[in-house]
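1. give the three-dimensional model of this entry:
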Amino acid sequence: MNNSPDYVLVLEQQPSHDSYKLAKLLNLWRSPFVIAKSTAQVLNSIRDLSPCLVILIGNHNKWPRHFSHQLRVEANLLGYTILALTDATAPNWPEHEDPSIFDGFLVKPLSFDVLDSILQAAQARRSVKGTVAE
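-> Residues are numbered from 1 along each chain as shown. Purely as a prediction, here's the structure:
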């Protein structure tokens, strides 16, 4: 895949239908995306070419602490948005005392309109961050 700076990076360590459904919505939007299967793969992808949006699927409490910290540090520097995908019937929110790495949460079921708004906001945030960084 030829990644563009506006690509979406998805972390899904455990197979599920979530990434498939998300991919269908992203295809409608015609947004390039990469599905990573490990935290190391996410960090390597970001170092190769920073995405505009990172969507994390799964239990964030099981990720290595250094991954969460590094992801947040690089998001602050590069201007990408970090969202966690969670389920309305079984939300997976961080503990109150835990400083969140997330900029927000996507709550299933997702719709095209919601994802479209989020992608536009992520692109705008990235372009503003890029202007400030220059």
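
2. where do the helices sit along this protein?
-> Here the chain has its helices, by DSSP state H, at 18-29, 39-48, 65-78, 112-133.

3. got TSV for the ones you listed, with distance to Ile55, mean pLDDT and mean neighbour count too?
-> Backbone N, C-alpha and C define where each C-beta goes, glycine included. Below are the helices of the chain laid out as TSV (distance: least, Cβ to Cβ, whole Å; pLDDT from 0 to 100; neighbours: other Cβ atoms under 10 Å):
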stretch	distance to Ile55	mean pLDDT	mean neighbour count
helix 18-29	7	69	16
helix 39-48	10	93	15
helix 65-78	12	90	15
helix 112-133	9	80	14
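
4. out of the ones you listed, nearest to Ile57?
-> In terms of Cβ to Cβ, the element of these nearest to Ile57 is helix 18-29, at 5.1 Å.

5. quick one: average pLDDT of stretch 52-62?
-> The average pLDDT within stretch 52-62 is 84.

6. just the buried positions in that stretch, please.
-> Cys52, Leu53, Val54, Ile55, Leu56, Ile57, Gly58, His60 (16 or more other Cβ atoms under 10 Å).

7. could you list the buried residues of the longest strand anywhere in the chain?
-> In the chain, taking DSSP state E as the definition, the longest strand is strand 81-87. For strand 81-87, the neighbour count (16+ other Cβ under 10 Å) marks Thr81, Ile82, Leu83, Ala84, Leu85, Thr86 as buried.

8. give me the pLDDT value at the third one.
-> Listed pLDDT for Leu83 reads 93.

9. from what I can see it touches Val54, true?
-> Yes - the criterion here is Cβ atoms under 8 Å, and Leu83 meets it with Val54 at 7.2 Å.

10. about what we covered before: ok, so of the buried residues of strand 81-87, who is nearest Lys24?
-> Leu85 (14.1 Å).

11. which ones are touching the closest one?
-> Listed by Cβ atoms under 8 Å, 6 or more residues apart in numbering, the contact partners of Leu85 are Asp18, Leu22, Ile55, Leu56, Ile57, Phe105, Leu106, Lys108, Leu110.

12. any idea how many residues pack against the spatially closest residue to Phe33 that is not a sequence neighbour?
-> Nearest non-adjacent residue to Phe33, counting by Cβ to Cβ, 6 or more residues apart in numbering: Val8, 4.3 Å away. Val8: 26 surrounding residues under other Cβ atoms under 10 Å.
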